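> got a predicted structure plus its sequence, pasted below:
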Amino acid sequence: MPVSMKPFSRLISLGSRCECAYQIRRYTGDETASYFDWLGTPHCGLIQVLRSNFSKIFQKQNLMISDDRLTVIDQSNGISFRHNFSKFPGTKIIDPLSIERDYEQQSEKMNFLIRRWYQTIQSESVLFIRQEAPSVSEAQELYDVLAKQAGDNRVCLLILVPTGYDLPIKHPNIYVESGCAHSEDAEQWRGNNAIWDAILAKYWTRTSTETPEQKFQEPRAKVNDENKLIVSVRSAPRSSLVLFQVPNQVGLGHMNRMACVALALREMDPAIRVLFVVEGSSHGLLESHSLPYVTLPSPDLVNRSECWGAWSKDEKKEILKALAITMLEVSRPDIVIYDCFPSIHFAHAAIALGIKSMLCIRKVKKFEAYASDPRVRTVIESDAAILVPHWEDEFQIPPSLMSRATYVGPIVKSLPINPEPVQMKFNLLGKRVIVICGGGGGGLDTIDYFNFCLKAFVQVKSEVHDVVALLITGPLFTEWGRLNLTSDVRVLPFDPDFTSTCATSALVISQAGYNSINELAALNTPTICLPAERGFDNQFERAHNMAMEYANIDCFEGETAEALSRLIIARLNQSVERIRLDVPDGAYRAAFHVMNLLGREKG
């Protein structure tokens, strides 16, 4: 490497295999995604895509599953997309329906990476790295097209060739290294770390003496001069942190919605870290998605609990404020995202520390009453960005807030591709399963709702003998002694795989909570909604609108368990074609907006 070469600010993989991207990330610690990171890129296809400025890649009509069904091939250029489309659970086999189902979301992601590509190569000092055995003319061809795209910005190209391969090229910005031979063993796709370390050390200067394997060890604790335990913060550049602060006092909906956004962020840019601060408990939901969280005491709980009786109101307030400030100062998030009802102490702390924020606002009965809540008002008045999980024709926020608002449509979980039949999951072979669940924040009438449904089930069972009920109460339910249970009813406090359970059930009886009704609509599972009265939320309006739009949803308007049993039997006797609908991509749209706020498009 010439001594005069300036240090590089970014190493970018050009393939031709995943090994190159993996080793760059491992060595540098930079997990910022680039377009070609995990693609199979033959030389001619790569040149074609770059010369056309990405205009002829990833077009739906050109995508075809390979003969071995392990990858998707772009027939126009030969580039392979092994990791972009859904596979059958537990296998590497791509689902034949995945191109149709996943294309829109993946296309949005790839278009984002194209924009990042140009912003990066036209503003940073980039070393492109590619593994192949090209001819001299092919190496020169590749460099020329890269240099043209970079404009006035200087780029360099490092070509890694197999041991013994001679590439006698003489160009001041093209470097050749040997030794990184590709292994045919699928388990060895990552390559040889020692060989890569020796090569990359010539072109990339680490900011510390740590090895790549040591770089991401846990922070070490030390004691300062006042004998107070503090945590040493790494000097290495850190990735962006998105912190989700969610309430969890009456239902899992707030946490579930933000979990969908967090998972979309993680998928779109693995370099982004996420952390949840939960008022209450995760109840297994976040753990089921491997999402990290810490808990923050709820002011309502602290103020009502007899356990805190020895503490004055001001003392309790100061403790809650100190906890919020400490969490923010230690975690150092780049943005805090609240769902509907922020923690007021957390919001004040984030504002005081100058942390960017966003508030997810769902449709409510009376916006004025909602916005006047001190928790909400505090965040709105801080000039926070606003995320709306609806379309504009569903819910209009006041004109004064529209300039800050982004509408993304419904935010729901990704649907299971090939779910395990509910009969096998719960050992109910030969039975039709009716799922009875809550939805929409519980409330004082939840026990009455469950008992009403169970009474109807008893009447259904007297006529339809092959049915069983699966009652999913939710983890916040506590009135077990008042449940009127009967035979052929299974009770489950919480199901982390709730969507898969409903996907293969014969029927679902639910209230009309935002998350549950949108997921059930997309699953196309026969559903009967019994909307309930809520303070801020209009479940009745939502249930009626969804019933008018989706053929699989009924809104129960009767008053007796007998009437409900008649509707259940009618639904069970109907022949329903269980074709999945397109999944709303609100989670990905929300994640994309968050990435824009973080400036992640700039790499």
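Sure, I can see it.

> contacting residues for the residue most central in space within the chain?
Per Cα atoms, centre = their mean, the C-alpha nearest to the average position across the chain is that of Leu263, at 1.6 Å. Taking Cβ atoms under 8 Å, 6 or more residues apart in numbering, we find Leu263 in contact with His289, Leu291, Ser414, Ala587. C-beta: built from backbone N, CA, C; applies to glycine.

> how far is the host helix or strand of it from where the chain is centred?
Using DSSP states H and E, Leu263 sits in helix 253-268. Between the centre of helix 253-268 and the centre of its host chain there is 4 Å, according to Cα atoms, centre = their mean, to the nearest Å.

> after that helix comes which helix or strand?
Using DSSP H and E, the helix or strand that follows helix 253-268 in sequence is strand 273-280.

> what's the first helix or strand after that following strand?
Using DSSP H and E, the helix or strand that follows strand 273-280 in sequence is helix 285-288.

> list the contacts of that next one.
By Cβ under 8 Å, 6+ apart, helix 285-288 touches Leu252, Met255, Asn256, Ala259, Phe276, Val278, Pro292, Tyr293, Phe494, Pro496, Asp497.

> from the chain's centroid, how far away is it?
Distance, centroid of helix 285-288 to centroid of chain: 13 Å (Cα atoms, centre = their mean).

> give me the mean pLDDT for it.
Over the span of helix 285-288, the pLDDT mean works out to 84.

> go on, stretch 395-411?
On average, stretch 395-411 scores 91.

> what residues of that stretch count as buried?
Within stretch 395-411, the residues that count as buried by 16 or more other Cβ atoms under 10 Å are Ile397, Leu401, Ala405, Thr406, Tyr407, Val408, Gly409, Pro410, Ile411.

> now do stretch 194-209
Ile195, Trp196, Ile199, Leu200, Tyr203, Trp204.

> which of those residues lies closest to Gly558?
Using Cβ to Cβ, Trp196 comes nearest to Gly558 of the buried residues of stretch 194-209, at 67.9 Å.

> from Ser125, how far off is that closest one?
To Ser125, Trp196 is 21 Å away according to Cβ to Cβ, to the nearest Å.

> ditto for Leu243
According to Cβ to Cβ, Leu243 stands 32 Å off from Ser125.

> the more surrounded of these two?
Each of Leu243 and Ser125 has its neighbours counted (other Cβ atoms under 10 Å); Leu243 has more, 24 against 15.

> quick one: contacts of the stretch of helix or strand the more buried one belongs to?
In this structure, Leu243 is located in strand 241-248 according to DSSP H and E. With contact meaning Cβ under 8 Å, 6+ apart, strand 241-248 is reached by 254-255, 258, 261-262, 265, 272-283, 296, 298, 328, 331-343, 346, 476, 594, 598.

> what do you get for stretch 368-376?
With Cβ under 8 Å, 6+ apart, stretch 368-376 has contacts from 340-344, 347, 359, 361, 364, 377, 380, 398, 536.

> hmm, which two among the residues you listed are most spread apart?
Spatially, the most separated pair among the contacts of stretch 368-376 is Ser343 and Pro398, at 23.7 Å (Cβ to Cβ).

> next, the angle from the lengthiest helix in the chain to helix 253-268.
Longest helix of the chain, by residue count under DSSP state H: helix 98-121. Interaxial angle, helix 98-121 versus helix 253-268 (axes from the mean of the first three to the mean of the last three Cα atoms, to 10 degrees): 70 degrees.

> which elements pack onto helix 98-121?
strand 10-13, strand 63-65, helix 136-150, helix 253-268, helix 586-598 (3 or more Cβ pairs under 8 Å, 6 or more residues apart in numbering; DSSP states H and E).

> JSON lines for those, including distance to Pro89 and mean pLDDT?
As requested, these are exported to JSON lines (distance: least, Cβ to Cβ, whole Å; pLDDT from 0 to 100):
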{"stretch": "strand 10-13", "distance to Pro89": "29", "mean pLDDT": "90"}
{"stretch": "strand 63-65", "distance to Pro89": "17", "mean pLDDT": "90"}
{"stretch": "helix 136-150", "distance to Pro89": "39", "mean pLDDT": "90"}
{"stretch": "helix 253-268", "distance to Pro89": "16", "mean pLDDT": "89"}
{"stretch": "helix 586-598", "distance to Pro89": "20", "mean pLDDT": "89"}
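
> nearest to Ala352, out of those?
Going by Cβ to Cβ, the one of the helices and strands packed on helix 98-121 nearest Ala352 is helix 586-598, 19.8 Å.

> and the closest one, what's buried?
Applying a neighbour-count criterion of 16+ other Cβ under 10 Å, one finds Gly586, Ala587, Tyr588, Arg589, Ala590, Ala591, Phe592, His593, Val594, Met595, Leu597, Leu598 buried in helix 586-598.

> perfect, that will be all.
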